[in-house]
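[1] Prediction below, plus the sequence it came from.
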Amino acid sequence: MDDDIRITGVMVYYYFVCKRKLWYFKHEIQMEQGNEAVKIGKLLDETSYGRENKHINIDQTINIDFIRESNVLHEVKKSKKIEEASVWQVKYYLYYLKKKGMDCVTGKIDYPLLKKSVTVELQDEDVLKMEEVLSDIKQIIGQSLPDEARRKNICKSCAYFDLCFI
């Protein structure tokens with residue numbers, strides 16, 4: 001990883017959700033302050049797992065929701081709607097920690113509203129894909145303008161909808 005370009009877990013998440021949203025985020029164009037889905041997510045974060053030591057920030061790069069048990073990091077999400085992005089966000093945390101010498105960590109995505117969780121592990125093939133993803137993220141955020149908007153099912157609930165389509 002290049003030290004001069006800090007790629008966060010949120011950026012990896014946005015890469016899988018929408019590359020345009022990733023570009024906006026990196027260029028500090030923020031539309032999420034008044035978005036209802038974001039407000040619900042923040043409330044869920046504040047009220048779930050209250051006994052845990054939350055928001056473990058490592059190198060100002062990854063922000064783990066909490067760690068429970070031995071070497072199991074947890075990411076809290078409100079729904080499984082964009083689960084692939086959530087899984088890759090956790091895989092990035094595992095990848096980042098592995099690069100720092102912590103090789104025996106696994107992850108869990110917790111869905112408190114659904115009362116479910118998903119276990120996430122970093123496989124060898126995931127490391128190769130993650131390196132491709134990180135390279136692609138660097139290319140996307142280095143562009144002078146975002147990619148052209150492409151409408152997806154999730155767009156109608158996105159905080160950036162007006163910016164992209166109106």
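    Received, thanks.
[2] Where does pLDDT dip in the protein?
    1-4, 32-52 (pLDDT under 70).
[3] Would you map the helices across it?
    Taking DSSP state H as the criterion, the chain carries its helices at 9-17, 19-26, 36-47, 83-99, 124-141, 161-165.
[4] Could you dump those into CSV with mean neighbour count added?
    Quick note: C-beta positions are derived from backbone N, CA and C, even for glycine. Converted to CSV, the helices of the chain look like this (neighbours: other CB atoms under 10 Å):
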stretch, mean neighbour count
helix 9-17, 21
helix 19-26, 21
helix 36-47, 13
helix 83-99, 20
helix 124-141, 14
helix 161-165, 14
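[5] Specify the stretch among the ones you listed that is closest to residue 58.
    Closest to residue 58 of the helices of the chain is helix 83-99 (CB to CB; 7.3 Å).
[6] which other residues reach the closest one?
    1, 7, 9-10, 12-17, 58, 61-62, 64, 73, 75, 77, 80, 105-109, 118, 120-122, 126-127, 130, 133 (CB atoms under 8 Å, 6 or more residues apart in numbering).
[7] CSV please, covering the helices of the chain and showing distance to residue 114.
    What follows is the helices of the chain, written out as CSV (distance: least, CB to CB, whole Å):
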stretch, distance to residue 114
helix 9-17, 18
helix 19-26, 24
helix 36-47, 11
helix 83-99, 11
helix 124-141, 24
helix 161-165, 25
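[8] nearest to residue 154, of those?
    helix 9-17 (6.9 Å).
[9] Can you spell out which helices and strands pack onto the closest one?
    Applying 3 or more CB pairs under 8 Å, 6 or more residues apart in numbering; DSSP states H and E, we find helix 9-17 packed against helix 19-26, strand 62-68, helix 83-99, helix 124-141.
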